[in-house]
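> have a look; sequence and predicted model below, questions after that.
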Amino acid sequence: MLDFLHVHHTGEDELLWPVLRPRVSLDGDLIDRMEAQHGEIAAAIADVRRQLPAWAGSADPETGEKIAARLEAAGAVLTAHLAEEEDRILPLVAAHFSQPEWDALGKHGFAAVPGRRRLIILGHILHETDDAERGRFLRQVPPPARLAFSLVGRRQYAREMAAIEG
């Protein structure tokens, strides 16, 4: 999930902000704030990645607590970031991006997910959506991928969640 989040933000940094910024007049601090939040989240991911190998080898409770605290702090930034992105940025994208520009963001994210993880990531995405969002999202997923998810991906996602939740 850390990799997925990194790829998502890298795509925005490379393909969203540089295109959107010159096309819209808005609170000048909005995109700056979004980019700064990306930096905060990237720093948290880097910190966690540095600590994970030692913790994975030892299960040291103190290291685990440090990792958990860092993820919780980043989670608070991420929650605010995603809410503002949905409320303020996505309407601007809908009004100022062409379909090929929007598709480039999706392709960037999709290409970065290893093939063996794609159906599991789809499960994570679907888990976080309400019924209306899920329907809209699934209409964009090619029929073979929807079938693969229903036949295989649901079980892969359920196994991963069971392992995560213990």
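Yep, that arrived.
> residues in contact with Ile89?
Residues near Ile89 by Cβ atoms under 8 Å, 6 or more residues apart in numbering: 16, 20, 30, 34. Using the backbone N, CA and C atoms, a C-beta is placed for each residue, glycine as well.
> which non-adjacent residue is nearest His81?
What sits nearest to His81 in space, not counting adjacent residues and going by Cβ to Cβ, 6 or more residues apart in numbering, is Gln37, at 4.2 Å.
> hmm, that neighbour is touching Leu82, no?
No: applying Cβ atoms under 8 Å, one finds Gln37 not in contact with Leu82, separated by 9.4 Å.
> mind checking which of these two has more residues around it?
Gln37 (19 against 14; other Cβ atoms under 10 Å).
> that one is in what secondary structure piece?
In the assignment (DSSP states H and E), Gln37 maps to helix 28-58.
> can you map out the helices along this structure?
2-11, 17-20, 28-58, 61-84, 90-96, 99-112, 118-127, 131-140, 143-148, 154-165 (DSSP state H).
> just the residues contacting the fourth one, thanks.
Right, the one you point to is helix 61-84. By Cβ under 8 Å, 6+ apart, the list of residues contacting helix 61-84 reads 5, 30, 33-34, 37-38, 40-41, 44-45, 47-48, 51-52, 54-55.
> between these, which is closest to Ala111?
Nearest to Ala111 out of these is Leu5 (Cβ to Cβ; 15.8 Å).
> okay, now the unreliable bits of the chain?
The chain contains residues with pLDDT under 70 at 26-28.
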